[in-house]
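Novice: no FASTA, just this:
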């Protein structure tokens with residue numbers, strides 16, 4: 001059974017992003033993009049003792065309290081998923097997280113960023129580097145290639161490899177890219193903070209889908225919780241659901257708890273929204289039109305899952 005958290009018990013410090021239903025109608029579903037989990041090297045050299053998540057608008061700030069082995073420096077890496085040009089309608093084309101900032105304590109972390117590029121299974125990283133091309137141009141729409149070198153043979157080589165193709169206005173990128181970030185931590189390092197843009201999954205769903213036990217269980221919610229918050233009339237309605245999955249650990253290790261701090265807008269439509277996540281006791285922490293500041297539980301891989309559910313403003317939209 002979920003429970004409502006009274007507004008007077010919380011601190012208004014954040015703004016939770018809401019999706020305009022009119023925008024969602026244009027593209028009813030997105031799986032979103034999760035920043036990949038952190039991996040330590042050597043394995044086990046960096047462990048997380050506690051974590052704190054802050055959501056401010058579209059921005060995520062995750063602070064990990066870490067312990068680094070004393071005998072040698074440790075490092076953590078983030079290996080981004082491989083991606084190519086995803087089309088005009090893709091809401092999150094920047095899957096290399098170009099805005100990602102990392103802090104070691106209060107200072108910028110020593111960060112190494114590299115990329116690899118592929119055409120199918122063929123590694124074309126060196127060919128793209130030789131042509132002086134930005135490997136992440138595939139995040140642009142359209143993905144025009146603008147070489148930084150006058151070496152015509154380098155560009156011809158990209159075309160031969162199938163990494164680019166000619167168009168009426170020049171060349172278009174056809175490769176896929178993968179970014180890897182590595183951060184070196186010293187034994188004296190105590191916190192690692194990650195700041196980046198949220199890329200939640202979202203969908204416009206009828207009540208019959210949004211109330212699925214398997215779906216709601218990720219957030220320790222039940223259909224009874226939805227009816228308690230929205231009323232029984234919503235069984236014929238539609239909902240905008242935004243799903244946040246945020247890594248809060250290293251090496252896929254679950255955390256017993258982490259601090260989560262969330263606020264919702266005060267505008268009228270926000271009063272129709274529910275925000276929830278699993279609390280440390282296995283019950284859902286829920287708010288409607290108020291703020292949340294509470295301890296949350298991660299899943300078995302150290303990921304905290306948060307959901308925002310809002311009424312769509314229409315009960316007449318038919319499933320396509």
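Specialist: Nice, thanks for sending it over. Everything numeric here is computed off the predicted structure, so don't read it as measured data. Numbers count the residues shown, from 1 in each chain.

Novice: With residue 277 as the reference, measure out to the most centrally placed residue in the chain.
Specialist: Nearest to the mean C-alpha position of the chain, by Cα atoms, centre = their mean, lies residue 34 at 3.4 Å. From residue 34 across to residue 277, the span is 15 Å (Cβ to Cβ, to the nearest Å). For glycine as for every other residue, the C-beta is placed from the backbone atoms N, C-alpha and C.

Novice: Ok, residue 241 next?
Specialist: Residue 241 is 14 Å from residue 277, by Cβ to Cβ.

Novice: which residues do these two both contact?
Specialist: Counting by Cβ atoms under 8 Å, 6 or more residues apart in numbering, the contacts common to residue 241 and residue 277 are residue 307.

Novice: So if I had to pick from the two, which one is more boxed in?
Specialist: The neighbour comparison of residue 241 against residue 277 (other Cβ atoms under 10 Å) goes to residue 277, with 26 against 21.

Novice: which residue packs closest to the more buried one, ignoring adjacent ones?
Specialist: residue 306 (4.5 Å; Cβ to Cβ, 6 or more residues apart in numbering).

Novice: Now do the SS call for the one you found.
Specialist: Here residue 306 is recorded as strand under DSSP: H, G, I helix; E, B strand; the rest coil.

Novice: thinking it is in contact with residue 260, fair?
Specialist: Yes: the pair residue 306 / residue 260 is scored as a contact, 7.2 Å apart, by Cβ atoms under 8 Å.

Novice: Overlap of the contact sets of these two?
Specialist: By Cβ under 8 Å, 6+ apart, residue 306 and residue 260 have these common neighbours: 277, 296.

Novice: Quick check: residue 282 is in a helix.
Specialist: No: looking at residue 282 with three-state DSSP, it is coil, so not inside a helix.

Novice: got a pLDDT number for the nearest residue to it once chain neighbours are set aside?
Specialist: Of all residues not flanking residue 282 in the chain, residue 220 sits nearest, at 6.2 Å (Cβ to Cβ, 6+ apart). As predicted, residue 220 sits at a pLDDT of 96.

Novice: what sits against residue 220?
Specialist: Neighbour list for residue 220: 2, 276-279, 282-284 [criterion: Cβ under 8 Å, 6+ apart].

Novice: Now do the helices in this protein.
Specialist: Remark: helices assigned in the chain by DSSP state H are 21-26, 125-130, 152-161, 207-210, 213-217, 223-230.

Novice: nearest to residue 64, of those?
Specialist: Proximity to residue 64, assessed across the helices of the chain by Cβ to Cβ, is greatest for helix 213-217 (26.4 Å).

Novice: Just name the shakiest helix or strand of this protein by mean pLDDT.
Specialist: Of all helical and strand segments in the chain, the minimum by mean pLDDT, DSSP states H and E falls on helix 21-26, at a mean of 39.
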